[in-house]
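**Student:** Provided below are the primary sequence and the corresponding predicted coordinates.
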Amino acid sequence: MKFGGTSVATLPRWQNIGELVASRQAEGARVLIVVSALTGVTDALKQLCSESKAINRSEAARAIAQRHYDLLDHMQLSMPATLGERLEDLARLANEGAATLGELAWQAQVQAHGELMSSALGAAFLSHSGLPTHWLDARDCLSAVALPNQNERTRLLSSMVDSRPDPALAARLAAQGDVFITQGFIARESQGRTVLLGRGGSDTSASYFGALLKAQRVEIWTDVAGMFTANPRQVPGARLLQRLDYEEAQEIASTGAKVLHPRCLSPLRESRVPLLIKDTNRPELDGTVIGPEVRAHAPSVKAISARKGITLVSMESVGMWQQVGFLADVFAQFKHHGLSVDLIGSAETNVTVSLDPTENLLDSDAIAALATDLAKVCRVKVIAPCAAITLVGRGMRSLLHTLSGVLAEFGQLRVHLISQSSNNLNLTFVVDEEVVDTLLPHLHDLLISAGALRTDDSALFGPSWQALYGNGESVAATTAWWRDAQREALLELAAEKTPRYVYHLPTVRRQAGALKSLGAVDRLHYAVKANTHPAILRALAAEGFAFECVSPGELQAVSAIVPASTPLLFTPNFAPRDDYALALDTRATVTLDALHPLEHWGELFHGREVVLRIDLGRGLGHHEKVRTGGSGSKFGVPLDQLTQFLQLAQTHGVTVRGLHAHLGSGVLDAAHWGEVYVQLASLAERIDSVVFLNIGGGLGVPSHPGEASLDMAELDRVLREVKAAYPQYQLWMEPGRYLVADAGVLLARVTQQKGKGAYRYLGIDTGMNSLIRPALYDAWHEIVNLTRLDESATALYQVVGPICESGDVLGTDRRLPEADEGDVMLIAQTGAYGKVMSSHYNLRDEADEIVIE
Amino acid sequence: MSKVIQPRLTQVFRFVRCGYADGVAELVYAFDDGDELIERIRFPDAPPVSADRRAAFDAASSMLHLIAGVSYYKAGVPPKIEVAGHELDDATADLLDALYLHGLAEFAYRNGLDLRGRIAFPRMSRENSTASTATAKASSLGLPQRTLVPIGGGKDSLVAVEAIKSIGGEATAVWVGNSALIAACAERTGLPMLNIQRELAPGLFELNRLGAWNGHIPVTAVNSAILAVAAVLYGYDSIAFANERSASAATLEYDGQQVNHQWSKGYAFEQLLGDWLHTHVASDLDYFSLLRPYSELAITRAFAKLTPYFDVFSSCNRNFKLLGPKPADRWCGQCPKCHFVFLALAPFLPKPRLLSIFGRNLLDDETQAAGFDALLEYQDHKPFECVGEGAEARAAMLALSQRPEWQEDALVARFRSDILPQLDPAQLALEPWLTPDGEHRVPTRLQSALATIG
């Protein structure tokens, strides 16, 4: 069991260690505890080493000693002899300086004291607490091996240890007792000198001990429950990885995860000792088990990571690559200029390599000098700043077909290099660094929805970081309204007729209430295209919503229902002139999203106020077809036409009163609206007539189990922050799906079943004619057998409709109870873009609509 | 009673009054008989104004009132200007006439207005003015030897700060308004900080809604006047701006009139205000630019050595009110300032370092070609002239085109193949831009700081 610096720095944490060790002992295990120095002590010792004056060094040693005295005081222990010796030793070393031992050996000796002292202190405390603990000098167990590529510095300060099993050591310890404590980070070399293991050294020590002793397992106790599918700081929805094999874990550790140093895995791999990462503060959490192999399971991407600050050097030359020694000469230049190469991509006429960010790269002329030398033999291009995005998972090549959505995302970007390792563990894309922060959470979502990251496999994937450590509201999903309270009513409605849509107005009101909690928003519009049912319009009008329409038809439908004082917004796209003429005769605020209307119909808008819809660039959303920003999208006036638009407005006496942008749908990241808001506000500052900003809708509704919902408190905070900076602008939003998606379900009945090869098809009496989202957007809707809600889900069905289209599939690979003809199937989250997008295709009857008040 | 007025149809712009109490200056203006427009300037932790500085303080405050009026005057540009209770002597009226005419030249050009003959501040009779000027020689206030350095968030003011620090000069980093970016830069200087707040009259926003004229105003002049008041109030003998040589050059000529986008950063305004402060406020209060003799490239080279500022500064034109950690939160990458600073820094920094500042490589982005063409004054843009940023940009681009680590980047390659053959190589050397040249008003006490920049 290994405990880090913060875990050994206070009395309560030591008590915690005592409890954990006792619990392992109670399970019948013998325990070796490996500890780091008290937090901050290693840095203090390094600082001590850099002092040139003896008096300063001695003063530093005294301060370090005082840390240990203070902790002893808290523990109400007297000075144990083992610790006393160490303190005297340190004082002597500090006073003497490096002269006798030599600089590097002296440094190693001094820095080793952090662990020597913390372990001595721990042995005393644990023994005193009734857990007899033997202090073990790690240097008597771990022997450093000399390697040919080492110099004196690496030999002493960044050493490697022979990790072959040592039965003699195991026997010696077995004879002595059950609980031992020893030091991380240190070992001894052949001449008997103390050496250090370098970065991540304490974890590595624990691994060495695990391997030498052929331990049952190595436990790394730290401040987080394990490895995650992504860096939680970048992707709060990242899921805990419960099981990994050594190679996967090493790949994840090497490409980003900080929780474990990658070098600590190789000693264990050979001896096949499993490693468990656990959270000291939350020992009840499962943690990550890293072992020889994970039991058979479908191949899955395990993690996605990003490394920034990467520089690429692309070398282009015709026909040179076949020349013997050419590449060797080229790479010799990198060595000569002190630059180490990471990724390599090659073609007949081009070799591109990546360089990690180092001080040498950033602050010296190394790159200029390298380019000058390389330019003598090939054309050189230096591409930066880049980021390497790596997908990790065993059997990556067999996953490629599931990555189409993910690859499509890369299709929008400049991808400079793709590297797929021959060990089939990773796939790396090098892209422009600027896109990474928004891209990573998005890719993580895409991997899950594409079924490439199989978060539905609960043996491999644990809870999300947000669920474990996030603050704010918990993601515990409220039970859907149709599951309990309304189930019987729904079954009765289905008995009358299917297919039919059922809308639950209390859910609409609840969602409206959540939106109204956004204090910074001055006006909320319901984007009626999501669902134009009169009862929903009435309910939202009663909630005080304004309405956003995109066609004369919608304007008419809304006007017929809502009070005459309710504000309307008209936001069409590529609409004909007559639509604008009609809208201008209503009270609706009109949004323009092209130059054409002012260029050709300027007189129509003379003296009027309009909103300008801007395309801020890259779009966001859960599917390419719901993305509404970026040149590939037909919406909005691009930024480079803004000046032209304003000139046209001035020419025709049109006042631009508001700015609008809407980048996509299904966005679950609160920061996104802050960015849109800030960008609009900073544009608005150049246009004096603007008084409001409409940041659109697109608020995501999670569809997959365990997917975190949009954090409204965080969204509120983000919007308030921007509002404080730009108080002069009113803030408008226009959510649609967020209000109504969860309120609606589609009821259908089972028609036929069919087995075909390994597939089992479950037919129901409606399909893409009623609900086109799965076919159009690959949307995932939960599907349940309402008749058999309580039966165990044993069958794996493809749920299909009766339409003569191979795309008429509502759900693939669904775990459901064995169904019978006539069973009532419920397709959830269909309150938005369900009925409104339905058709008469195949001349099938449309689903009707029922409202539950 | 609120009167609805049509700003563009107003007849008189009135300087109603200005007052000061408890650290707040109130500047009051009106159009015709419309509502008062009240601007407030807040000086934090202001000490009381001592009797011996009272006259100087009043003179500086009254100049602030007159200069800050430009923000409001431009809303209507009425034919007449009235200054209540004041007759201006010739020196004062000349300064204001010049400021309103030249400082609003770009505004006038963009709105199709001609301000010549329209701007006339009321002045006292010639005899009175001569008498007044003769007697109005301000005396020395014995101001402490310390400097106010306005921070703008860009590289120039940081070069000025470091120059003063390098000679052990005492200085305070000062800025007007709420900018997280400037605050972060000011904090990074390690100097004492002074943040003065300026609240525009809310009525101005209403005038904008009613169709006021709008456009660029000489904001450096307003900030200069605010700092002059601050110097007297808190006790500083010098105000060191960081305006470079090319700020004095006109950006275009329109209908026979020179239009300089940054006229109030130019040497002409520096002379007018510097002399006026000597004669009307305090003979020992110096107002000047520490960077005046230097070109953009020389300043950029000096800045390239100031690594600690790389992750906080921005010269971008876009107004970033919220600071994020990413380069894109400080650099839009689209505006001329982003283009110029990127290009000007490139010859003086390792390429990966430069790219880490901007978070992207603007010169390897073909969509930015038009922006850089404008900078280089190529194609549709104004013809090649050997002045200012255009020539400096061409010199920097030539330097990059000779470097292997740059020459394959899209816009550098394009420069080599398309633009360079049309240029006279003799005009493209970088070195001449790095030597100081021309006049400046840096006081003797700080001239050694000036020398550290070159």
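**Tutor:** Happy to help now that I have it.
**Student:** Now do the helices in the stretch 51-200 of chain B.
**Tutor:** Secondary structure of the stretch 51-200 of chain B (DSSP state H, counting those that start in this stretch): helices located at B:51-68, B:70-76, B:90-103, B:105-111, B:126-135, B:155-166, B:180-189.
**Student:** Equivalent analysis for the stretch 301-450 of chain B, please.
**Tutor:** Under DSSP H, counting those that start in this stretch, the stretch 301-450 of chain B gives helices at B:336-345, B:351-358, B:369-376, B:388-401, B:410-414, B:447-453.
**Student:** Turn the ones you listed into CSV, including mean pLDDT.
**Tutor:** Formatted as CSV, these follow (pLDDT from 0 to 100):
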stretch, mean pLDDT
helix B:336-345, 92
helix B:351-358, 93
helix B:369-376, 88
helix B:388-401, 90
helix B:410-414, 96
helix B:447-453, 91
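**Student:** nearest to chain A, of the helices of the stretch 51-200 of chain B?
**Tutor:** Distance to chain A, taken as Cβ to the nearest Cβ, is lowest for helix B:180-189 among those, at 8.1 Å. Every C-beta, even on glycine, is put in place using the N, C-alpha and C of the backbone.
**Student:** got the buried residues for that closest one?
**Tutor:** Buried positions in helix B:180-189, judged by neighbour count with 16 or more other Cβ atoms under 10 Å in any protein chain shown: B:Leu181, B:Ile182, B:Ala183, B:Ala184, B:Cys185, B:Ala186, B:Arg188, B:Thr189.
**Student:** among the helices of the stretch 51-200 of chain B, which gets the worst mean confidence?
**Tutor:** The stretch with the lowest mean pLDDT among the helices of the stretch 51-200 of chain B is helix B:126-135, at a mean of 66.
**Student:** Each with direction, which strands does the longest strand belonging to chain B pair with?
**Tutor:** Longest strand in chain B, counting residues (DSSP state E): strand B:12-21. Strand B:12-21 has its sheet partners listed here by DSSP bridges as strand B:24-31 (antiparallel), strand B:80-83 (parallel).
**Student:** residues of stretch B:8-25 that come out buried?
**Tutor:** B:Thr10, B:Phe13, B:Arg14, B:Phe15, B:Val16, B:Arg17, B:Cys18, B:Tyr20, B:Gly23, B:Ala25.
**Student:** Now flag whichever of those is closest to A:Ser305.
**Tutor:** B:Gly23 (52.6 Å; Cβ to Cβ).
**Student:** Which residue, neighbours along the chain excluded, lies closest to that closest one?
**Tutor:** Spatially, and ignoring its direct neighbours in sequence, B:Gly23 is nearest to B:Ala46 (3.5 Å; Cβ to Cβ, 6 or more residues apart in numbering or on different chains).
**Student:** my read: the one you found touches B:Ala25, true?
**Tutor:** No: B:Ala46 is beyond contact range of B:Ala25, at 9.6 Å (criterion: Cβ atoms under 8 Å).
**Student:** got the phi/psi numbers for the nearest residue to B:Glu106 once chain neighbours are set aside?
**Tutor:** Leaving aside its sequence neighbours, B:Glu106 sits nearest to B:His216 (Cβ to Cβ, 6+ apart; 4.8 Å). Dihedral angles of B:His216 (phi, psi; degrees, to the nearest 10) stand at phi -70, psi 130.
**Student:** Where does the prediction get shaky in the chain?
**Tutor:** Looking at chain A here, since you left the chain open. Where chain A drops to pLDDT under 70, the residues are A:294-298, A:318-322, A:456, A:458, A:470-478, A:618-631, A:705-708.
**Student:** Please refer instead to chain B.
**Tutor:** B:1-4, B:129-136, B:250-251, B:319-321, B:380-388.
**Student:** Centroid-nearest residue for it?
**Tutor:** Closest residue to the average C-alpha location of chain B: B:Thr220 at 3.7 Å, with Cα atoms, centre = their mean.
**Student:** Touching, that one and B:His261? I think so.
**Tutor:** No: counting by Cβ under 8 Å, B:His261 is not a contact partner of B:Thr220; they are 11.1 Å apart.
**Student:** and the end-to-end length of stretch A:412-432?
**Tutor:** 12 Å (Cα to Cα, to the nearest Å).
**Student:** Pull up the gap between the residue lying closest to B:Ile196 once chain neighbours are set aside and chain A, please.
**Tutor:** Using Cβ to Cβ, 6+ apart and skipping the chain neighbours, the partner closest in space to B:Ile196 is B:Val176 (4.9 Å). Computed as Cβ to the nearest Cβ, to the nearest Å, the B:Val176 to chain A distance reads 17 Å.
**Student:** just to revisit the earlier point, which of the buried residues of helix B:180-189 lies closest to A:Leu355?
**Tutor:** B:Arg188 (28.4 Å).
**Student:** if I look at the residue of the stretch 751-853 of chain A found nearest chain B, how far off is B:Leu400?
**Tutor:** The nearest approach of the stretch 751-853 of chain A to chain B comes at A:Tyr777, 29.0 Å away (Cβ to the nearest Cβ). Using Cβ to Cβ, to the nearest Å, A:Tyr777 is found at 46 Å from B:Leu400.
**Student:** now B:Asn195
**Tutor:** Taking Cβ to Cβ, one finds B:Asn195 at 38 Å from B:Leu400.
**Student:** Residue 174: neighbour count?
**Tutor:** No chain was given, so I picked chain A. When counting by other Cβ atoms under 10 Å in any protein chain shown, one arrives at 11 neighbours for A:Ala174.
**Student:** Not quite, go with chain B.
**Tutor:** Neighbour tally, B:Val174, other Cβ under 10 Å: 27.
**Student:** Excluding chain neighbours, give the residue nearest to it in space.
**Tutor:** Counting by Cβ to Cβ, 6+ apart, the residue nearest B:Val174 is B:Leu194, at 4.3 Å.
**Student:** Could you measure from that neighbour over to chain A?
**Tutor:** 21 Å.
**Student:** Which residues are in contact with that residue?
**Tutor:** Neighbouring residues of B:Leu194 by Cβ atoms under 8 Å, 6 or more residues apart in numbering or on different chains: B:Pro44, B:Leu148, B:Thr172, B:Ala173, B:Val174, B:Trp175, B:Ala230, B:Tyr234.
**Student:** Which phi and psi values does the residue of the stretch 151-300 of chain A found nearest chain B adopt?
**Tutor:** Nearest to chain B in the stretch 151-300 of chain A, going by Cβ to the nearest Cβ, is A:Arg233, at a distance of 11.3 Å. A:Arg233 adopts backbone torsions of phi -70, psi -30, taken as degrees, to the nearest 10.
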